[in-house]
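Novice: predicted model follows, preceded by the sequence.
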Amino acid sequence: MAAFFDPENPASRPAYRSKHRTQGFAVRDTRARRISRRWGEVLVPKVGWVRFRWTRQLPGKLGICRVTCDRAGRWHVSFPSPQPAMEREPAGRSAGIDRGVRTALVTSAGQHYRAPRISGRRAARYLALQRKLARQRKGSKDRERTRRQTAMIAARATDRRKDWAEKISTRLVRENDLIVLEQLNIAGMARRPASKPDPGQPGTFLPNRARAKAGLSRSILASCWGLLGRRLQEKAAASGVQIIFVHPRFTSQQCHACGHIQPENRESQAVFLCLACGHGDHADRNAALNILARGLLLLATGELVPAHAPGHGALRRHQPAQAAAGTTLEAA
Ligand SMILES: [Zn+2]
């Protein structure tokens, strides 16, 4: 309720807990130990020692851990710790990043990063399962099985996407001292992400399969961007790298060489050709260079946009706006 009444916080009204979402509980005074190279154990009250797959180093001091069961029925245990600082040398480089249309990301250095997409076959199966689900009786065992199958496809897609976002954000933070991103209204651009399909929602059952499929891949791209923005902020704040958000207006229509703005500058989706000076470039790279230039200008004039400005979408809705670290001059 405190977050809801805070005008700075975009959290919505507190809601009842849904049985359809990820379930879990917290364990206090965590005790965990490693039993082999692959396995560890955590002491869960009233259950005893529960084995888990050892995937990474545990934080030095164990406090609360959280045990969850996601929608696909997979159990996880997580041991929270602050984001560790990255081992990096000052790179002496800055990057502007454009959210391209086809490739997910284009940097001002001309690197293209493509977000993992759901394959055509999997998307078709996902949509077919959703139609099947719509016909099944609520509360039936068969329906639960179908639901779990859709959740599994979505969960695997989410896993790949998270992996990608972690790798790309690490690489970008390691290679750059300053990263400039566009301030985007992600919630307004995309539908709900594929990891949270809502069978009761209209739109997922559109009779036209091509439209639904396009929506699926679009929302995957959009959710990649939000996740990546958030992880970039967290890693940058921990590693002394600065992140700046700039207004995205006209970044794709402006010529980076002469500053001329005209919608016709864009010869095609991929090629930029300036009508005033004849400057030609890859369209997304031209936009990334504009974003970088705007960020450097903001840095020079000191008029930075706060990272928690409403509508950025890189922040989760129900979280307090504390991720703003690393976006101010003091944090650099
Ligand atoms: Zn020009």
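Specialist: Everything's here; your move.
Novice: just the helices in the stretch 101-250 of the chain please.
Specialist: Chain-ordered helices for the stretch 101-250 of the chain, with DSSP state H, counting those that start in this stretch as the definition, fall at 120-135, 141-175, 186-189, 209-239.
Novice: hey, which of those is tucked in deepest?
Specialist: Neighbour counts (mean count of other C-beta atoms under 10 Å) averaged over each of these peak at helix 209-239, with a mean of 20. C-beta coordinates here come from the backbone N, C-alpha and C atoms, glycine included.
Novice: I'd like the mean pLDDT over it, please.
Specialist: Along helix 209-239, the predicted confidence averages to a pLDDT of 75.
Novice: next: stretch 23-35.
Specialist: Stretch 23-35 shows an average pLDDT of 94 in the prediction.
Novice: what pLDDT is listed against whichever residue of the stretch 51-200 of the chain sits closest to the ion?
Specialist: Taking C-beta to the ion as the measure, the point where the stretch 51-200 of the chain comes nearest the ion is Ser108, at 16.7 Å. The predicted local distance difference test score for Ser108 is 91.
Novice: got the contact list for it?
Specialist: With contacts taken as C-beta atoms under 8 Å, 6 or more residues apart in numbering, Ser108 has the following neighbours: 94-97, 285, 288-289, 291-292.
Novice: what does Glu166 give?
Specialist: If you count contacts by C-beta under 8 Å, 6+ apart, Glu166 has them with Arg231.
Novice: helix/strand/coil for Arg17?
Specialist: Under DSSP: H, G, I helix; E, B strand; the rest coil, Arg17 falls in the coil class.
Novice: any idea how far it lies from Leu172?
Specialist: When distance is defined by C-beta to C-beta, to the nearest Å, Arg17 is 36 Å away from Leu172.
Novice: beta partners for Cys65?
Specialist: In this structure, Cys65 has beta-bridge partners Val27, where bridges are defined by DSSP bridges.
Novice: who are the neighbours in contact with it?
Specialist: Counting by C-beta under 8 Å, 6+ apart, Cys65 touches 26-27, 30, 32, 42, 77-80.
Novice: swap in 7 Å and give it another go.
Specialist: When contacts are counted by C-beta atoms under 7 Å, 6 or more residues apart in numbering, Cys65 is found next to 27, 30, 42, 77-79.
Novice: can I get those in JSON lines with neighbour count?
Specialist: Supplementary listing: the contacts of Cys65 in JSON lines, determined by neighbours: other C-beta atoms under 10 Å:
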{"residue": "Val27", "neighbour count": "21"}
{"residue": "Thr30", "neighbour count": "20"}
{"residue": "Val42", "neighbour count": "20"}
{"residue": "Val77", "neighbour count": "18"}
{"residue": "Ser78", "neighbour count": "12"}
{"residue": "Phe79", "neighbour count": "19"}
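Novice: where does the stretch 101-250 of the chain get nearest to the ion, residue-wise?
Specialist: Phe250 (13.0 Å).
Novice: quick one, what contacts that residue?
Specialist: Residues counted as contacts of Phe250 (C-beta under 7 Å, 6+ apart) are Ile261.
Novice: pLDDT score assigned to it?
Specialist: We have a pLDDT of 84 for Phe250.
Novice: before we move on, the earlier item: any of the contacts of Ser108 buried? List them.
Specialist: 94-97, 285, 288-289, 291-292 (16 or more other C-beta atoms under 10 Å).
Novice: keep only those of the residues you listed that are in helices.
Specialist: 285, 288-289, 291-292 (DSSP state H).
Novice: how about JSON lines for the helices of the stretch 101-250 of the chain, with distance to the ion added?
Specialist: Written out in JSON lines, the entries for the helices of the stretch 101-250 of the chain read as follows (distance: least, C-beta to the ion, whole Å):
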{"stretch": "helix 120-135", "distance to the ion": "39"}
{"stretch": "helix 141-175", "distance to the ion": "28"}
{"stretch": "helix 186-189", "distance to the ion": "28"}
{"stretch": "helix 209-239", "distance to the ion": "28"}
